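J.: 3D, please:
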Amino acid sequence: TLAEQLGLDAAKYLHQQQQTSSSSSYFELNDEELINYVPESLKPPEERFKDIDPLTVRCKSCSVSSALSLSGSALTCPNPECQKPHLWGYASHFSLLAALSNTTQRYVHKSMKLYYRSGQVCDDPACAQSTRQISVAGPRVCLTVGGCGGTMRSKVSESKLHRQLQYLRCLFSMDSDSVKKEDHAYSKVDQVVVKELQDVVNRHLQRSAYNWIEPKLWEQMF
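T.: Next up is the predicted model:
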């Protein structure tokens with residue numbers, strides 16, 4: 001098995017999975033869930049990222065801070081009362097690019113800082129131990145004195161951090177149907193700005209390497 005190839009005790013993980021499946025229905029899907037199941041990739045962006053903190057920008061024209069739209073242009077202030085909504089009131093595309101790039105970088109760094117500083121919490125409601133320390137018995141073992149049947153979980157999971165990056169990539173996408181519409185279409189200069197912002201997000205995604213296994217790992221194993 002893969003666990004054996006990695007030098008891990010496969011029996012321990014099998015026992016843990018059996019114990020979890022016997023106490024909950026996590027590994028089971030009923031008929032209704034199977035029938036109504038919709039893959040994440042097919043859900044609209046507003047539903048996929050509804051629990052993600054939005055990226056907000058303060059408009060230079062109306063001085064109102066608003067979240068960038070997932071269903072429209074990222075270069076336009078959504079405030080209906082704004083007098084100069086295009087480019088969020090900035091004088092030029094270059095000025096807007098600098099502002100959005102800095103805002104995006106701060107958003108990513110804030111998310112990463114929260115992930116590394118949030119620590120872990122025990123999933124047993126009777127314990128709910130919260131700590132940033134790791135037990136010598138293993139990273140998932142609860143540190144409660146006297147033992148605990150719960151498992152330590154990250155307060156901010158790796159998957160949520162990755163979805164925050166995906167959210168940013170979706171914001172600066174030129175492939176969505178709403179952006180292709182005539183009222184939200186990007187001009188050639190707009191496309192240059194959006195492309196630069198895409199590159200900023202993609203660099204963080206590549207550095208993250210979430211859900212990615214280097215091909216050389218399989219060469220070393222097999």
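J.: could you list every residue that touches residue 141?
T.: Taking Cβ atoms under 8 Å, 6 or more residues apart in numbering, we find residue 141 in contact with 135, 152. From N, CA and C alone the C-beta is placed, and that goes for glycine too.
J.: ugh, typo on my part, it should be residue 132
T.: By Cβ under 8 Å, 6+ apart, the neighbours of residue 132 are 117, 119-120.
J.: which of the helices and strands in the protein ranks last by mean pLDDT?
T.: Within the chain, no helix or strand scores below helix 10-23, which has a mean of 48 by mean pLDDT, DSSP states H and E.
J.: which of the contacts of residue 132 ranks first by neighbour count?
T.: residue 120 (22 neighbours; other Cβ atoms under 10 Å).
J.: show me what that residue bridges to in the sheet.
T.: Note on residue 120: beta-bridge partners by DSSP bridges are residue 131, residue 154.
J.: off-centre distance for the longest helix along the chain?
T.: Using DSSP state H, we find that the single longest helix of the chain is helix 93-118. Distance of helix 93-118 from the chain centroid (Cα atoms, centre = their mean, to the nearest Å) equals 14 Å.
J.: that one - what's its average pLDDT?
T.: Taken as a whole, helix 93-118 has an average pLDDT of 94.
J.: show me what it is packed against.
T.: strand 56-58, helix 158-171, helix 188-208 (3 or more Cβ pairs under 8 Å, 6 or more residues apart in numbering; DSSP states H and E).
J.: pull the number of nearby residues for the nearest residue to residue 159 once chain neighbours are set aside.
T.: With Cβ to Cβ, 6 or more residues apart in numbering as the criterion, residue 159 has its nearest non-adjacent residue at 7.7 Å, and that residue is residue 210. By other Cβ under 10 Å, 13 other residues sit near residue 210.
J.: next up, the contacts around residue 210.
T.: 158-159, 161-162.
J.: now those residues: which count as buried?
T.: Buried members of these, counted by 16 or more other Cβ atoms under 10 Å: residue 161.
J.: OK, contacts around residue 111?
T.: Going by Cβ under 8 Å, 6+ apart, residue 111 touches 53, 161, 164.
J.: tell me which element residue 83 is part of?
T.: Following DSSP states H and E, there is no helix or strand that holds residue 83.
J.: tell me the phi and psi of the residue nearest to residue 95 when sequence neighbours are not counted?
T.: Counting by Cβ to Cβ, 6+ apart, residue 95 lies nearest to residue 87, which is 7.8 Å off, once chain neighbours are set aside. Here is the backbone geometry of residue 87 (degrees, to the nearest 10): phi 60, psi 20.
J.: noted, bye for now.
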